[in-house]
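[1] need a 3D model of the following:
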Amino acid sequence: MEHTLLVGDYVLVDKFCYGGSVGWNRLLPYRNVHRGDIVVFHYPVNPAQDFVKRVVALPGDRLRLINKRVYINGALVAEPYTQYIPTARSPYLDDFRAPNLPSSQ
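    Numbers count the residues shown, from 1 in each chain. Presented below is the predicted three-dimensional model:
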């Protein structure tokens, strides 16, 4: 969400949209999460910090990132709202390879 939301922006969040507890379904209009939805959640390491993310895949989807493009269930996902912002290259993160494991003979 970089360059879409800036630090200090105010965001209005509907906390009751994605519920689903049995008794409240008749009172509040709950719905399931869909691709493209924007969700806000507390960062697990620092609960005081909120994360704002776009839903890319759903449970059961096979997600792959190939050449900076997202594939879901083998199909390229058209994401016109995304932009690639290059960062400093990290050999450990960008060129991560499986360790040489001894072959089982």
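
[2] so where is this protein shaky, pLDDT-wise?
    Low-confidence segments of the chain (pLDDT under 70): 1-3, 19-29, 90-105.

[3] residue 58: how many residues sit nearby?
    By the criterion of other C-beta atoms under 10 Å, residue 58 has 13 neighbours. Quick note: C-beta positions are derived from backbone N, CA and C, even for glycine.

[4] ok, the closest residue to it other than its chain neighbours to residue 53 distance?
    Spatial nearest neighbour of residue 58, excluding adjacent residues (C-beta to C-beta, 6 or more residues apart in numbering): residue 35 at 6.5 Å. Relative to residue 53, residue 35 is positioned 12 Å away (C-beta to C-beta, to the nearest Å).

[5] kindly report the same for residue 33.
    Distance from residue 33 to residue 53, by C-beta to C-beta: 11 Å.

[6] need the overlap of contacts for these two.
    Counting by C-beta atoms under 8 Å, 6 or more residues apart in numbering, the common neighbours of residue 33 and residue 53 are residue 39.

[7] show me the helices in this protein, by range?
    Residue ranges of the helices in the chain, as given by DSSP state H, are 91-94.

[8] that one: strands as residue ranges?
    Assigned by DSSP state E, the strands in the chain fall at 38-42, 50-54, 63-66, 69-72, 75-76.
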